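Chemist: any chance you can model this:
(chains A and B)
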2 protein chains.
Amino acid sequence: MTSSVNRETIATESQPLSKFDLASYLVERQAQVEAALDRSIAVIYPEKIYDAMRYSLMAGGKRLRPILCLATCELMGEAIDLAMPTGCALEMIHTMSLIHDDLPAMDNDDYRRGKLTNHKVYGDDIAILAGDGLLAYAFEFIATQTRNVPADRVVQVIARIGRAVGAAGLVGGQVVDLESEGNPDVTLDTLNFIHRHKTGALLEVCVLSGAILAGASDTDIQRLSIYAQNIGLAFQIIDDVLDITATQEQLGKTAGKDLQAQKATYPSFWGVEESKRQASQLIVAAKAELDPYGDAAHPLRAIADFIIARKH
Amino acid sequence: MTSSVNRETIATESQPLSKFDLASYLVERQAQVEAALDRSIAVIYPEKIYDAMRYSLMAGGKRLRPILCLATCELMGEAIDLAMPTGCALEMIHTMSLIHDDLPAMDNDDYRRGKLTNHKVYGDDIAILAGDGLLAYAFEFIATQTRNVPADRVVQVIARIGRAVGAAGLVGGQVVDLESEGNPDVTLDTLNFIHRHKTGALLEVCVLSGAILAGASDTDIQRLSIYAQNIGLAFQIIDDVLDITATQEQLGKTAGKDLQAQKATYPSFWGVEESKRQASQLIVAAKAELDPYGDAAHPLRAIADFIIARKH
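Modeler: Here you go, the predicted structure:
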């Protein structure tokens, strides 16, 4: 692990961010994550449940969550292998949340990432169980596959991930989101609560878990929390914007769903242009937290920029 | 922790099992577990999800799973406080599995423990999320609340619980159970697979996790595994028998469901009397594994006896 002081020294020798090639970086990391995910679940009896779990887990996507986890592990001076099981687990949990969100009893979506949703292929019962299976396996996977990390850090990561997924995180955000649907009086505070919990909490724990596994200090955790919270909210604002401006083909899922469902969104409060400006400000503030880390933080800076520049 | 040798010495001074008062023991442990569960979840915003989680978690039941976990912790010579967070987590996971099993997309049950099922009170969406919330919280709870246990044992317990819940355990058993419904050609092997996974895996990890937290040896783990597998299967055989012989009032849930659903059950292979005999044999074999532990194993012996004597 590099200490904070050393990282500040590196910062003075920093290269311009323009020299960091994010596209190549993401391609390499995505390939590593895909390979690790592919190895993580074998299909054995009863095949149907493993097929269903793999169907959604291997359905592509940006793999942003594991990549964030690996990036902060590297930022703290450790090899990414150390964080790969946790990165995979975070993608399993994200996948679980999508499978359950898409169910008829929830958002009732037929398409996700350009493919039929899990329950459309396997039925509602198997989709519920595939989600449960992925959630349980995520914790098992961290606990059994993490190597060369003191056990107390593994316990800490599991505690934070559990919290990020449960009622104090993703599940709580989803509940308020469901309650708010079709309600014209949703406040900006409520909208912020929804997104800080529904997407923000998991993104934050992706950023923090890689750092914790690599032995981050309290100061590191504080800086990375702010970075993560800001990119998380910016990510959601841009998601809302894209729901209005992008086509179904670009999104790989039904476009304009928010408008149809009369959901409160950031553009419904601020309009599209102001929403984009707010997202940009959050990204600037996120990157400011990375200053002490110099060149080592180039991936995290570039990911922050990517979040507002993305088209889908 | 008491070593195996010490426990064998105790066995020679053993009191007859008849002097152990299981009823008082269970009443005391149930009260301790109820109090710990009640403290485990506070109702905060968004209240609905915490209410829904508590509704099913606090709906009574025998609390057999946490009690087994506490009992093996004590058997290994440690105070039950050490295993209480894990015991509570195991009850949260059991509750999650009941909430999801009862959903219309699964078994479609309206009553459970004499009360309306979770989705009948809160809706299918909240019931799905309450289950997810309980499952995630279970792991968080073990990781944050376990005291005076080396972190590597906590990681080991989390790994085993994750496995017991996922596709290699409870979820896998549930899938085969769903596939087998209404199929007249279900074999005894398939029926055994279903129950070893759907109920057996979680019961086994209840027994093992208390022992692991208290520092059990490999020999202890082997003996307790056999004990747990046997009582788990006996438990299910008796469940099937009670579905035929008990009334709805005694069960607190719809009776005769298996017959209605044309489910394969042990009595459908063996008849009621032979099923009871098989269950008794499993209990005898389970208790034989406890011989080296002498008096200290009286609770586990009595629980084994209780499993075949129960009327609901």
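Chemist: does the residue of the stretch 1-150 of chain A found nearest chain B count as helix, strand or coil?
Modeler: Chain B sits closest to A:Glu140 of the stretch 1-150 of chain A, with a gap of 2.8 Å, by Cβ to the nearest Cβ. The way it works is simple: take the backbone N, C-alpha and C, and place the C-beta from them, glycine included. What DSSP: H, G, I helix; E, B strand; the rest coil gives for A:Glu140 is helix.
Chemist: distance of it from A:Pro85?
Modeler: For A:Glu140, the distance to A:Pro85 (Cβ to Cβ, to the nearest Å) stands at 10 Å.
Chemist: for A:Phe139, same thing?
Modeler: According to Cβ to Cβ, A:Phe139 and A:Pro85 sit 11 Å apart.
Chemist: and the residue of the stretch 151-300 of chain A found nearest chain B, what does it touch?
Modeler: Nearest residue of the stretch 151-300 of chain A to chain B, counting by Cβ to the nearest Cβ: A:Gly162, 2.8 Å away. A:Gly162 makes contact with A:Phe139, B:Ala136, B:Tyr137, B:Ala138, B:Phe139, B:Glu140, B:Phe141, B:Ala143, according to Cβ atoms under 8 Å, 6 or more residues apart in numbering or on different chains.
Chemist: picking that back up, higher neighbour count, A:Phe139 and A:Pro85?
Modeler: More neighbours surround A:Phe139 than the other of A:Phe139 and A:Pro85, with 30 against 24 (other Cβ atoms under 10 Å in any protein chain shown).
Chemist: how near is A:Ala143 to B:Val154?
Modeler: To B:Val154, A:Ala143 is 9 Å away according to Cβ to Cβ.
Chemist: actually A:Ile128, not the one I typed
Modeler: Distance from A:Ile128 to B:Val154, by Cβ to Cβ: 29 Å.
Chemist: same thing with A:Ala136?
Modeler: 17 Å.
Chemist: ditto for A:Asp81
Modeler: 23 Å.
Chemist: and A:Ala264, by the same measure?
Modeler: For A:Ala264, the distance to B:Val154 (Cβ to Cβ) stands at 41 Å.
Chemist: between the two, who's got more neighbours?
Modeler: Set side by side, A:Ala264 and B:Val154 show more neighbours around B:Val154, with 25 against 22, by other Cβ under 10 Å.
Chemist: and the next helix or strand past the helix or strand that contains that one?
Modeler: B:Val154 belongs to helix B:151-165 when assigned by DSSP states H and E. As assigned by DSSP H and E, the chain's next helix or strand after helix B:151-165 is helix B:170-180.
Chemist: count of neighbours near the closest residue in space to A:Ala151 that isn't next to it in sequence?
Modeler: Nearest residue to A:Ala151 in three dimensions, chain neighbours excluded: B:Ala151, at 3.7 Å (Cβ to Cβ, 6 or more residues apart in numbering or on different chains). Look at B:Ala151: counted by other Cβ under 10 Å, it has 16 neighbours.
Chemist: for B:Ala151, give me its contacts.
Modeler: A:Pro150, A:Ala151, A:Asp152, A:Val154, A:Val155.
Chemist: cool, A:His119 as well?
Modeler: Contacts of A:His119 (Cβ under 8 Å, 6+ apart): A:Ile99, A:Asp102, A:Leu103, A:Pro104, A:Ile126, A:Ala127.
Chemist: since we're on the first one, how many residues are nearby?
Modeler: Other residues within reach of A:Ile99, judged by other Cβ under 10 Å, total 30.
Chemist: just after the host helix or strand of it, pick out the following helix or strand.
Modeler: Element membership for A:Ile99, per DSSP H and E: helix A:84-102. Remark: after helix A:84-102, the chain's next helix or strand is strand A:111-112, criterion DSSP H and E.
Chemist: using CSV, please lay out the contacts of B:Ala151 together with pLDDT and distance to B:Pro184.
Modeler: Shown next, in CSV, are the contacts of B:Ala151 (pLDDT from 0 to 100; distance: Cβ to Cβ, whole Å):
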residue, pLDDT, distance to B:Pro184
A:Pro150, 98, 54
A:Ala151, 98, 50
A:Asp152, 98, 53
A:Val154, 98, 47
A:Val155, 98, 48
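Chemist: just flag the most distant two among those.
Modeler: Using Cβ to Cβ, the contacts of B:Ala151 reach their maximum pairwise distance at A:Pro150 and A:Val155, which is 9.4 Å.
Chemist: those two: who's more crowded?
Modeler: Higher neighbour count among A:Pro150 and A:Val155: A:Val155, with 22 against 12, using other Cβ under 10 Å.
Chemist: correct me, but the more buried one touches B:Asp152?
Modeler: No. Using Cβ atoms under 8 Å, A:Val155 is not in contact with B:Asp152, being 9.1 Å away.
Chemist: packing partners for the longest helix seen in chain A?
Modeler: Using DSSP state H, we find that the single longest helix of chain A is helix A:218-245. In terms of contacts (3 or more Cβ pairs under 8 Å, 6 or more residues apart in numbering or on different chains; DSSP states H and E), helix A:218-245 is packed against helix A:188-195, helix A:201-213, helix A:248-251, helix A:257-260, helix A:266-288, helix A:298-309.
Chemist: quick one, that helix and helix A:188-195 angle?
Modeler: Angle between the axes of helix A:218-245 and helix A:188-195 is 110 degrees (criterion: axes from the mean of the first three to the mean of the last three Cα atoms, to 10 degrees).
Chemist: next, format the contacts of A:Gly162 as CSV and append distance to A:Lys48 and pLDDT.
Modeler: Shown next, in CSV, are the contacts of A:Gly162 (distance: Cβ to Cβ, whole Å; pLDDT from 0 to 100):
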residue, distance to A:Lys48, pLDDT
A:Phe139, 22, 98
B:Ala136, 24, 98
B:Tyr137, 28, 98
B:Ala138, 25, 98
B:Phe139, 25, 98
B:Glu140, 30, 98
B:Phe141, 31, 98
B:Ala143, 31, 98
